[in-house]
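**Student:** sequence? don't have it. structure:
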């Protein structure tokens with residue numbers, strides 16, 4: 001499953017932040033922008049879950065969203081209606 005990113009928010013120093021909005025994942029991606037003393041621009045990403053930094057650089061960590069399934073309750077209603085029953089108790 002891919003992340004579903006929020007809109008980016010930008011800090012005055014040029015850093016940006018976005019959050020995966022899928023329930024259960026909520027990983028935060030912070031894109032850092034720095035200028036080193038020699039004038040070279042440095043750009044890297046950090047990923048957080050809660051207050052814990054889980055990764056610096058590299059590929060984006062996997063989305064850990066909670067998978068929502070239509071369970072047996074929905075199937076039971078459909079079965080009842082198919083037999084001519086009612087979904088009203």
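**Tutor:** In hand now; what should we look at? Owing to the predicted nature of the structure, the values given are computational and were not obtained by experimental measurement.
**Student:** can you give me the helices in this protein?
**Tutor:** With DSSP state H as the criterion, the chain has helices at 72-82.
**Student:** in the sheet, which residues pair with the residue minimising distance to the centre of it? Tell me.
**Tutor:** Computing the C-alpha centroid of the chain and ranking residues by CA atoms, centre = their mean puts residue 20 first, at 2.1 Å. Note on residue 20: beta-bridge partners by DSSP bridges are residue 5.
**Student:** for it, give me the pLDDT.
**Tutor:** Note on residue 20: pLDDT of 95.
**Student:** can you name the residues that contact it?
**Tutor:** Counting by CB atoms under 8 Å, 6 or more residues apart in numbering, residue 20 makes contact with 3, 4, 5, 6, 26, 27, 28, 29, 63, 65. Where C-beta positions appear, they are placed from N, C-alpha and C, glycine not excepted.
**Student:** distance of residue 2 from residue 65?
**Tutor:** Distance, residue 2 to residue 65, using CB to CB, to the nearest Å: 10 Å.
**Student:** mind checking which of these two has more residues around it?
**Tutor:** The neighbour count for residue 2 versus residue 65, taken as other CB atoms under 10 Å, is higher for residue 65 (18 against 10).
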